[in-house]
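> how would this look folded up:
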Amino acid sequence: MSEPAGDQFSWVCPSCTRRVPTRFAECRCGFQRQELPTAGTEEATVAPAPSGRSPLVVVILVAAIGLGAAYYFFRSRPAAPPPQPAAAASVAPVQAEPAQAPVAEASDTLVAPVTGNIMPTRVPANDASAAAPAPVPSGSIEDVVGAALPAIASIDTGTSRGSGFFVRPDIVVTNNHVIEGQSSVNLQAGGNKYTARVMSASPSVDVALLQVYNPNPQQPTLRLGTAANARPGEEVIAIGYALGTLSNTVTRGIVSALRQAGGVTLIQTDAAINPGNSGGPLLDRSGTVIGINSMSNTRAQGLSFAIAIDHATALMSGRTVVSTQTPLEALRQATGGPSESESARDRGAARFEQTVQAIARAGDQVDANWQRNSKLCVASAVATGGDRPWFALYVANGVKTAVSNAYDCFSWIDDMKGSANQIKDRMEQAGEAARRDDVYPGTIRDIRRKYKMEWTGWDR
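Predicted coordinates:
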């Protein structure tokens, strides 16, 4: 039996009908090529096609199976839910913020810029694409107060005391009622003493500006903000000189509301504003001035008001607010407080007390001189019913001079009368001013007794 020989590149195994490359002498089934008949001995015939499928058919079959499997796989997956329709409050598209757009107010969310009639979009704070909010000052209240205190000024007008604060080394802001009727005042801030003149004042908004003579270029100052950004619940700090003498008086509270009073914007707060604190700054937590401490309602606990710093900024720019009422008058009317005449009476009594207090200090010096020398030079003195023995000098022939060889008593008596008459003139002027302010006579007498300056001759 003869098997057909292969072509020049392969040969056909007669045992398994496989084609074997000519370089192999043995088929995988074990048949040896040398067992084939040699060419020419028998007629060569073409080997029959193998019984298996051709390689092309196999490739097509495998591809068809793969496509079928893929089709089955994707058909068997659960269908994705269809997109939900947009809700009624869906976010409208917003144009990108231009490079020079103003910075948005710092808060937990930012409002994107809008154009045309597009509504503003609120971006959640945790959105990575949202702009970072402005940094919140990390300093404690102690840090804020410590930085502000050197810029707080004590104001002494000679008849009253109050507070103010430096906004420039040569400019101090205060309330108008602190310096009312004065042209120059004395200042003290951070251990430094200054003299200043009243540069500009606006009684209708109760704000005044003082210009400092020979300012110190290193004088600490405060940064001015705006009351427009104040929010109810925001923490604020009031600083000043309580009673005009107690420095570093600090009170803390929150903003209750922004109110309009006679055309003036007021910040209502529960931070205590004590007498003497008037004119001091109301600070936010960053140490920025948002108001000027002005007044408190004594009939309601925790009800105080500061004038918006915006009015001082306007005054520094040469602009003033025209108001038919002062803030104090408008608040009294709104809260049912004392009338303007009652307030004028109270202010008159306060001025009279401050004047008598200063006169009493001068009277103490006359007292000391009298006690040292009256035993040598005073033979007798009438009883005047007054609080001080030297008031006898005000009575004609009220003091009889003794003769002393060791001392010139007549000259001493003349000097004592000169000092006593100066005090008498000041007391009479203060009493007349109090009566013009309609201060009650009983109040005047009580104040004189308080400082040991009572004498019946004052009312003649």
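> residue 248: which element?
Using DSSP states H and E, residue 248 falls within strand 246-261.
> and that strand, average pLDDT?
Summarised as a single mean, pLDDT over strand 246-261 is 84.
> helices or strands up against it?
Packed against strand 246-261 by the contact rule (3 or more CB pairs under 8 Å, 6 or more residues apart in numbering; DSSP states H and E) you find strand 152-156, strand 235-242, strand 264-269, strand 304-308, helix 327-335. Any C-beta I mention is one placed from the backbone N, CA and C, and that applies to glycine too.
> swap in 10 Å and give it another go.
Packing partners of strand 246-261 (3 or more CB pairs under 10 Å, 6 or more residues apart in numbering; DSSP states H and E): helix 141-148, strand 152-156, strand 235-242, strand 264-269, strand 281-283, strand 289-296, strand 304-308, helix 327-335.
> and residue 394, which of the ones you listed is closest to it?
strand 152-156 (29.8 Å; CB to CB).
> what's the angle from the closest one to strand 235-242?
Interaxial angle, strand 152-156 versus strand 235-242 (axes from the mean of the first three to the mean of the last three CA atoms, to 10 degrees): 30 degrees.
> next, the angle helix 141-148 makes with strand 152-156.
In terms of direction (the same axes, to 10 degrees), strand 152-156 departs from helix 141-148 by 50 degrees.
> partner strands of the very next helix or strand once past strand 152-156, with direction?
Next helix or strand after strand 152-156 toward the C-terminus (DSSP H and E): strand 161-168. Note on strand 161-168: by DSSP bridges, its sheet partners are strand 152-156 (antiparallel), strand 171-174 (antiparallel).
> what mean pLDDT does strand 161-168 have?
Summarised as a single mean, pLDDT over strand 161-168 is 91.
> ok so, going back, now do the buried residues in the strand holding residue 248.
By 16 or more other CB atoms under 10 Å, the buried positions in strand 246-261 come out as 247, 249, 250, 251, 253, 255, 256, 258, 259, 261.
> can you pull the contacts of the third one?
This means residue 250. 141-142, 144-145, 148-149, 152, 237-240, 242, 271-272, 277, 280, 283 (CB atoms under 10 Å, 6 or more residues apart in numbering).
> please repeat the previous calculation with a cut-off of 8 Å.
Counting by CB atoms under 8 Å, 6 or more residues apart in numbering, residue 250 makes contact with 145, 237, 238, 239.
> who's it bridged to?
Bridge pairing for residue 250 (DSSP bridges) gives the partners residue 239.
> toward the C-terminus, what is the element adjacent to the longest helix anywhere in the chain?
Longest among the helix segments of the chain by residue count, using DSSP state H, is helix 340-377. Once helix 340-377 ends, the next helix or strand along the chain (criterion: DSSP H and E) is strand 378-381.
> identify the residues contacting that next one?
By CB under 8 Å, 6+ apart, strand 378-381 touches 374, 389, 390, 392, 398, 399, 400, 401, 402.
> count of neighbours near the fourth one?
Spelled out, that is residue 392. Neighbour count of residue 392, defined by other CB atoms under 10 Å: 20.
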